[in-house]
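Asker: coordinates only, sequence not included:
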């Protein structure tokens with residue numbers, strides 16, 4: 001199978017491997033294989049937990065449910081495996097334990113709202129669980145806006161008999177957590193409110209497992225995430241950043257001393273973003289998985305000396321991190337490239353290592369073949385002199401000296417995220433293979449506000465959304481034109497979430513684009529604030545309040561500049577998107593249609609911010625690529 005032959009059907013047929021977990025003492029890896037998309041009306045793809053041996057023995061399927069089985073975790077002894085499964089009630093997962101074979105899977109919990117995550121205590125005596133408050137459906141189906149205060153709470157489960165008791169109580173919503181090395185406490189990222197925006201205003205607490213009492217350890221102006229307790233129990237390491245989504249956090253490594261709650265950055269000013277942090281056995285250094293200049297990276301962080309890169313590659317971390325066993329030094333993670341879907345990779349970190357070698361466990365998709373795309377890293381200076389980088393992919397069969405190809409600029413979301421040399425699986429990135437095969441180049445700029453270039457760069461667009469970041473994008477397009485990489489008369493732009501916003505904003509600021517596709521976009525900051533589940537986002541990034549008519553809420557809303565648009569524009573949006581409400585697409589598409597601009601608006605039932613159903617993913621890709629091909633003249 002060559003790149004030219006790879007279609008959306010091939011990509012939708014892939015096994016998606018994720019959540020690589022190294023065993024205590026090393027030697028084995030648990031991971032999850034999932035279908036690429038769910039069936040119609042389903043909220044989750046089907047998946048299973050598999051066990052790999054590093055020695056090369058055939059993998060073993062650990063879970064046998066017919067629905068969603070995931071989150072495989074080794075017990076501290078390595079002799080048992082737990083995982084989550086919704087085999088009894090779809091979309092309500094419970095905790096299961098396997099002793100020897102998949103047939104021995106024993107159900108441990110029966111919580112009404114199910115289990116969303118779990119973690120073994122280091123001594124194996126308990127398993128910590130997260131579960132939402134359960135409120136039975138009432139005859140009255142009225143919903144009170146911003147008043148459904150269902151908290152996500154910690155529970156403790158006895159792995160021997162499944163006895164499960166609540167641990168956290170009161171108005172405390174738990175987002176992430178880890179065990180103390182002596183198994184007597186749990187450190188958690190917690191908020192006072194159970195709404196999505198509570199994540200961005202959370203604090204670090206410790207919870208005594210005997211009393212359930214929570215003590216605040218550290219509060220930060222910046223967001224904190226991914227806590228890990230030091231081997232001696234005296235400190236907790238965190239990742240600190242600005243407004244990263246749950247599970248997608250990247251920033252500096254912060255160390256909190258539990259004796260006096262003082263915190264210090266271990267990586268301040270470094271030109272990289274750390275995703276997850278793991279203590280080495282001695283407690284004098286840590287290992288991190290992260291991103292530098294949009295390439296995957298593994299670092300050692302020596303306390304008081306900063307971080308040392310040990311491995312860097314033009315690949316992408318598929319899970320925003322990996323797992324590490326301090327005793328053996330072995331680690332596991334999932335990596336992808338522009339031509340290879342995610343697979344499990346393994347390696348070892350030994351004291352004094354200055355570099356690392358990684359090896360891939362046998363592929364999750366052995367029959368899949370896709371030619372390597374011509375990937376280039378481009379560097380340029382924005383109009384204000386700020387250095388910017390981005391990735392350029394040449395279309396299939398194109399070489400220097402040939403006429404400049406049409407080009408689509410794909411703008412990543414976040415904005416605190418990054419365009420990486422990753423396999424194109426979801427949202428706007430999924431357009432890439434079909435665009436390249438249609439003779440259209442793809443340009444992916446990492447504008448100010450992106451991860452991978454340090455905290456200062458990641459926060460450089462605060463108070464200036466649609467300002468300097470848009471100029472970064474446009475000046476990068478200028479570079480592509482100057483180098484003969486793009487036809488200036490056949491340019492397209494598209495993106496998802498914040499990338500959808502930049503798309504909608506760009507077509508109001510310039511007429512250089514012949515086509516645009518705005519996915520899950522923001523078009524009116526006023527109505528966005530009123531409808532989103534993260535209303536603090538716009539306040540923080542615009543440095544303004546929505547009750548002011550003369551503010552960035554007006555100055556930077558694409559809707560209010562609709563009369564300046566001539567670009568044919570397609571809006572694609574999930575009907576149940578709580579982050580960027582579907583009304584954002586309705587408002588702008590209706591305005592453009594009234595003004596006579598070629599406009600379509602495709603709304604996908606049941607879909608949230610990121611599409612789940614397989615057929616909706618297919619239609620979104622085909623519709624978006626078809627729109628670009630139509631208006632860029634490659635049909």
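Answerer: That came in fine, so what should we check first? These numbers were taken from a predicted model, which means no experiment stands behind them.
Asker: of all residues in the protein, which one is nearest the centre?
Answerer: residue 248 (4.1 Å; C-alpha atoms, centre = their mean).
Asker: quick one: contacts for the residue lying closest to that one once chain neighbours are set aside?
Answerer: Of all residues not flanking residue 248 in the chain, residue 320 sits nearest, at 5.7 Å (C-beta to C-beta, 6 or more residues apart in numbering). Where you see a C-beta, it was placed from the backbone N, CA and C, and this is true even at glycine. Contacts for residue 320 were tallied using C-beta atoms under 8 Å, 6 or more residues apart in numbering; they are 247, 248, 249, 250, 275, 276, 289.
Asker: the fourth one touches residue 240, doesn't it?
Answerer: So that's residue 250. No: counting by C-beta atoms under 8 Å, residue 250 stays clear of residue 240, with 10.2 Å between them.
Asker: those two - which one has more neighbours?
Answerer: residue 250 (29 against 23; other C-beta atoms under 10 Å).
Asker: and residue 578, how many neighbours does it have?
Answerer: 14.
Asker: can you report phi and psi for it?
Answerer: Residue 578 adopts backbone torsions of phi -90, psi -20, taken as degrees, to the nearest 10.
Asker: what's near enough to touch the closest residue to it other than its chain neighbours?
Answerer: Residue nearest to residue 578 in three dimensions, not counting chain neighbours: residue 533, with 4.3 Å by C-beta to C-beta, 6+ apart. Residues near residue 533 by C-beta under 8 Å, 6+ apart: 195, 196, 197, 578, 579.
Asker: unless I misread the structure, residue 457 falls within a helix.
Answerer: Yes: counting by DSSP: H, G, I helix; E, B strand; the rest coil, residue 457 is part of a helix.
Asker: now it: how far from residue 446?
Answerer: Going from residue 457 to residue 446 by C-beta to C-beta, to the nearest Å gives 9 Å.
Asker: same check, this time on residue 153
Answerer: On the measure of C-beta to C-beta, residue 153 and residue 446 end up 38 Å apart.
Asker: in strands, which of the contacts of residue 320 appear?
Answerer: Under the assignment DSSP state E, the contacts of residue 320 contribute 275, 276, 289 to strands.
Asker: next, format these as a markdown table and append distance to residue 428.
Answerer: Shown next, in a markdown table, are the ones in strands among the contacts of residue 320 (distance: C-beta to C-beta, whole Å):
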| residue | distance to residue 428 |
| --- | --- |
| 275 | 21 |
| 276 | 25 |
| 289 | 24 |
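Asker: quick one: which of the residues you listed is most hemmed in?
Answerer: Neighbour counts for these, by other C-beta under 10 Å, peak at residue 275, which reaches 27 neighbours.
Asker: so what pLDDT did that one get?
Answerer: On pLDDT, residue 275 comes in at 94.
Asker: that one reaches residue 287, doesn't it?
Answerer: No: counting by C-beta under 8 Å, residue 287 is not a contact partner of residue 275; they are 11.6 Å apart.
Asker: just confirm residue 10 is within a strand.
Answerer: No: counting by three-state DSSP, residue 10 is not found in a strand; it is helix.
Asker: and it, how many residues sit next to it?
Answerer: Counted with other C-beta under 10 Å, residue 10 comes out at 16.
Asker: now it: how far from residue 181?
Answerer: 46 Å.
Asker: again with residue 410
Answerer: 44 Å.
Asker: quick one on the thing from earlier: if I look at the residue nearest to residue 578, how far off is residue 409?
Answerer: 28 Å.
Asker: and of the ones in strands among the contacts of residue 320, the nearest to residue 462?
Answerer: The closest of those to residue 462 turns out to be residue 275 (C-beta to C-beta; 21.0 Å).
Asker: wait, what's in contact with the closest one?
Answerer: Neighbours of residue 275 in contact, by C-beta under 8 Å, 6+ apart: 226, 239, 249, 250, 288, 289, 290, 291, 317, 320, 321.
Asker: now those in JSON lines, with pLDDT?
Answerer: Formatted as JSON lines, the contacts of residue 275 follow (pLDDT from 0 to 100):
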{"residue": "226", "pLDDT": "96"}
{"residue": "239", "pLDDT": "95"}
{"residue": "249", "pLDDT": "86"}
{"residue": "250", "pLDDT": "90"}
{"residue": "288", "pLDDT": "96"}
{"residue": "289", "pLDDT": "96"}
{"residue": "290", "pLDDT": "94"}
{"residue": "291", "pLDDT": "95"}
{"residue": "317", "pLDDT": "92"}
{"residue": "320", "pLDDT": "85"}
{"residue": "321", "pLDDT": "88"}
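Asker: and the furthest pair within those residues?
Answerer: It's 226 and 291 that sit farthest apart of the contacts of residue 275, by C-beta to C-beta, at 14.2 Å.
Asker: state the distance from the nearest residue to residue 495 once chain neighbours are set aside to residue 221.
Answerer: Closest residue in space to residue 495, ignoring its immediate chain neighbours: residue 411 at 3.5 Å, by C-beta to C-beta, 6+ apart. Computed as C-beta to C-beta, the residue 411 to residue 221 distance reads 28 Å.
Asker: quick one on the thing from earlier: have a look at residue 410 and residue 181 and say which one is more surrounded.
Answerer: Comparing residue 410 with residue 181 by other C-beta under 10 Å, the one with more neighbours is residue 410, at 28 against 18.
Asker: gap between that one and residue 429?
Answerer: Residue 410 is 7 Å from residue 429, by C-beta to C-beta.
Asker: cool, residue 83 as well?
Answerer: From residue 83 over to residue 429 (counting by C-beta to C-beta), the distance is 29 Å.
Asker: for the protein, give me the ranges with low pLDDT.
Answerer: The chain contains residues with pLDDT under 70 at 1-5, 100-102, 139-140, 372.
Asker: pull the longest helix from it.
Answerer: helix 614-632 (DSSP state H).
Asker: picking that back up, looking at residue 411 and residue 221, which is more packed in?
Answerer: More crowded of residue 411 and residue 221, by other C-beta under 10 Å: residue 411, with 30 against 6.
Asker: hang on, that one packs against residue 503?
Answerer: Yes: with contacts counted by C-beta under 8 Å, residue 411 reaches residue 503, the gap being 6.2 Å.
Asker: got any residues that touch both of the two?
Answerer: Contact criterion C-beta under 8 Å, 6+ apart; residues shared by residue 411 and residue 503: 493, 494, 495.
Asker: tell me the bridge partners for the first one.
Answerer: Under the criterion DSSP bridges, residue 493 forms beta bridges with residue 409, residue 516.
Asker: wait, it sits on residue 411?
Answerer: Yes: checked against C-beta under 8 Å, the pair residue 493 and residue 411 is within contact range at 6.9 Å.
Asker: which residues are in contact with each of those two?
Answerer: If you check residue 493 and residue 411 against C-beta under 8 Å, 6+ apart, the residues they both contact are 473, 502, 503.
Asker: filter those residues down to the ones in helices?
Answerer: Those of the shared contacts of residue 493 and residue 411 lying in helices (DSSP H): 473, 502, 503.
Asker: do you know how far the residue nearest to residue 495 is from residue 588?
Answerer: From residue 411 to residue 588 the distance is 16 Å (C-beta to C-beta).
Asker: kindly report the same for residue 190.
Answerer: 37 Å.
Asker: these two: which is more packed in?
Answerer: The neighbour count for residue 190 versus residue 588, taken as other C-beta under 10 Å, is higher for residue 588 (27 against 24).
Asker: where do the helices sit along the chain?
Answerer: 8-12, 432-437, 455-458, 468-482, 498-509, 525-531, 536-542, 552-555, 583-594, 614-632.
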